[in-house]
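Asks: can you look at this prediction? I've put the sequence above it.
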Amino acid sequence: MKVTTTPIEGLLVIEPTVYGDERGFFFESFNARRFADLTGIHAAFVQDNHSRSARNVLRGMHYQIRQAQGKLVRVVSGSVYDVVVDLRKSSATFGQWFGVELSAENKRQCWIPPGLAHGFAVTSEFAEFLYKTTDYYAPEHERALLWNDPEVGIEWPLDGMPLLSAKDQKALPLTQVEVFA
Ligand SMILES: Cc1cn([C@H]2C[C@H](O)[C@@H](COP(=O)(O)OP(=O)(O)O[C@H]3O[C@H](C)C(=O)[C@H](O)[C@H]3O)O2)c(=O)[nH]c1=O
């Protein structure tokens, strides 16, 4: 398992060790002891989520302002461009974004610490997105940052306008959203 830091403090890209043979492949998608040893993070995950989306769907940018969730995210079918925005006012990278391709082929994962808005755009015909969270879903605390806020300037690899939920269509720009201390 290889762990790579990113320009956003605490955001990690993880590449699992994949064992291939003539039958196919095997890899441990999560191992609490190895994850803690290699990242220094003792994450107690309480929820597993799974979503399927078609090409050009964009889900994001989401976060919970209370019961903020750490997320360990991966793709098991297709590919997505996975993006975070730092919403921690105390962070040197507040308001900055970072994106990385996650796919069934590259088997990459991202550890997204609490305090970041998260979303992804689908870059294959369909994508199945799985992730673990360190706190429970709390819709009353859910917030959404506008996916195309010019102040943030995320460079999405999209073919035209994405397919967004009604909630995401009316998300707020960085200057208006609730942020973290
Ligand atoms: C997130 C969530 C949703 N739901 C229900 C609520 C709705 O009836 C339905 C779809 O929810 P939503 O449109 O918020 O799903 P996404 O747009 O995929 O939301 C996720 O998008 C980005 C990628 C994230 O990082 C968040 O984990 C999450 O906000 O599932 C639940 O029952 N439990 C949950 O944990």
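Replies: Cool, got the structure.

Asks: who touches stretch 38-53?
Replies: 1, 3, 12, 14, 30, 32, 35-36, 59, 70, 72, 77, 80, 111, 113, 122, 126-137 (CB atoms under 8 Å, 6 or more residues apart in numbering). In this view, the C-beta of every residue, glycine as well, is placed from N, C-alpha and C.

Asks: can you narrow those residues to ones near the ligand?
Replies: Near the ligand, judged by CB under 6 Å from any ligand atom, the entries from those are 59, 137.

Asks: now the helices for the chain?
Replies: Under the criterion DSSP state H, helices of the chain are mapped to 32-39, 166-169.

Asks: still on that earlier bit, out of the contacts of stretch 38-53, name the ones that lie in strands.
Replies: Within these, residues falling in strands by DSSP state E are 3, 12, 14, 59, 72, 77, 80, 111, 122, 126-133.

Asks: I'd like the distance between the most centrally placed residue in the chain and the ligand.
Replies: Centroid-nearest residue in the chain, with CA atoms, centre = their mean: residue 118, separated by 4.8 Å. Distance of residue 118 to the ligand, computed by CB to the nearest ligand atom, to the nearest Å: 4 Å.
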